[in-house]
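Colleague: starting from these lines, generate the structure:
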Amino acid sequence: MKKIILLLSLTITSVTFAQTRYWTSYNFSIEPQNQAAVYKLLNDYFTANPTSDEVSAYLYENHFKDSGNNYSHSLIWAGSLDGMGAQYMPKQDKDWELLLTKLTQLIDEFHSATMGNTVVNIGENKPIQRYFYLDVEDPQKYLTAFNKYQKFRPKDRQVLLGGFSAGRSPDGETHWIIIGFDDMKSAMDPGAYRRNNAQVQKAWDEYGKNRGKSNLVRNGLRIMLGSW
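Modeller: Numbers count the residues shown, from 1 in each chain. Down below sits the predicted model:
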């Protein structure tokens, strides 16, 4: 089983910006008593049918969310363009068809499906992830400011930035950010590292000024349950 991060980065000691990766997300709700069964179905399938070297699959619990984003879980595919293209090529897979049949019996409601890319991938995979959906006016300006600030972030954080290309909600999100943490304490107060560091706070203020106009559409927190 591969243990690699969502929309992958292999950065360990320094900040790097990898090639663009692509992803699809299927969002649905299941009752709490069925969560273990859903995980087991997915884990059994991917153990017997490993994903390719260019694609990974992830299961997340959507833990803190607003009423317009109120699904319980996401199944996400992420990888290179070639890998994702191959993943969606028509093929006969009786094991996959059986898995879908069993999952459908456990899923209470289908919520949405989205597609997009990841252009910044920093840090190791983290189990606790805060996500932010944004409406960005000038994507290149935002990306430049975002990249410039990365050297000031704690080295134990996971940082991802990307965009939506399909399945956007009527609320108008164009981009997303994910910040990953080792524990809930860090996720609850993510800006603590800036408070007693004037240089970092100044860099944060400059980031806010230089990234152009953007609006927060929604935010939440998700927990990784499995990766394959």
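Colleague: tell me, how many residues neighbour Tyr60?
Modeller: Neighbour count of Tyr60, defined by other C-beta atoms under 10 Å: 22. C-beta here means a position set from N, CA and C on the backbone, and glycine is covered the same way.
Colleague: make that Gln140, sorry
Modeller: The number of residues packed near Gln140 is 9, by other C-beta under 10 Å.
Colleague: in three-state terms, label it for me.
Modeller: helix (DSSP: H, G, I helix; E, B strand; the rest coil).
Colleague: so how far is Gly212 from it?
Modeller: According to C-beta to C-beta, to the nearest Å, Gln140 and Gly212 sit 9 Å apart.
Colleague: so Ala36 is in which element?
Modeller: helix 35-48 (DSSP states H and E).
Colleague: buried residues in that helix?
Modeller: Across helix 35-48, burial judged by 16 or more other C-beta atoms under 10 Å covers Gln35, Val38, Leu41, Leu42, Tyr45, Phe46.
Colleague: quick one: pLDDT of the last one?
Modeller: At Phe46 the predicted local distance difference test score is 96.
Colleague: over to the fourth one?
Modeller: Reading off the per-residue confidence, Leu42 sits at a pLDDT of 98.
Colleague: try the second one
Modeller: Note on Val38: pLDDT of 98.
Colleague: that one reaches Ile30, doesn't it?
Modeller: Yes. Counting by C-beta atoms under 8 Å, Val38 does reach Ile30; the two are 5.7 Å apart.
Colleague: show me where this protein has its strands.
Modeller: 21-30, 55-64, 73-79, 107-122, 128-136, 158-166, 175-181, 214-227 (DSSP state E).
Colleague: turn the ones you listed into CSV, columns for mean pLDDT and distance to Val200.
Modeller: CSV is the format used below for the strands of the chain (pLDDT from 0 to 100; distance: least, C-beta to C-beta, whole Å):
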stretch, mean pLDDT, distance to Val200
strand 21-30, 97, 28
strand 55-64, 97, 26
strand 73-79, 97, 30
strand 107-122, 96, 16
strand 128-136, 98, 19
strand 158-166, 97, 15
strand 175-181, 98, 15
strand 214-227, 97, 21
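Colleague: using TSV, lay out those strands together with distance to Asn196.
Modeller: Listed next are the strands of the chain as TSV, based on distance: least, C-beta to C-beta, whole Å:
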stretch	distance to Asn196
strand 21-30	35
strand 55-64	27
strand 73-79	36
strand 107-122	23
strand 128-136	22
strand 158-166	21
strand 175-181	19
strand 214-227	25
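Colleague: what's the closest of those strands to Ala86?
Modeller: strand 55-64 (7.7 Å; C-beta to C-beta).
Colleague: who are the packing partners of that closest one?
Modeller: Counting contacts by 3 or more C-beta pairs under 8 Å, 6 or more residues apart in numbering; DSSP states H and E, strand 55-64 packs against helix 35-48, strand 73-79, helix 81-87, strand 214-227.
Colleague: report the angle between it and strand 107-122.
Modeller: On the basis of axes from the mean of the first three to the mean of the last three C-alpha atoms, to 10 degrees, strand 55-64 is oriented at 110 degrees to strand 107-122.
Colleague: contacts for strand 55-64 next, please.
Modeller: Residues from elsewhere that reach strand 55-64, judged by C-beta atoms under 8 Å, 6 or more residues apart in numbering: 2, 4, 6, 8, 27, 35, 38-39, 42, 46, 51, 69, 71-80, 83-84, 86-87, 129, 220-228.
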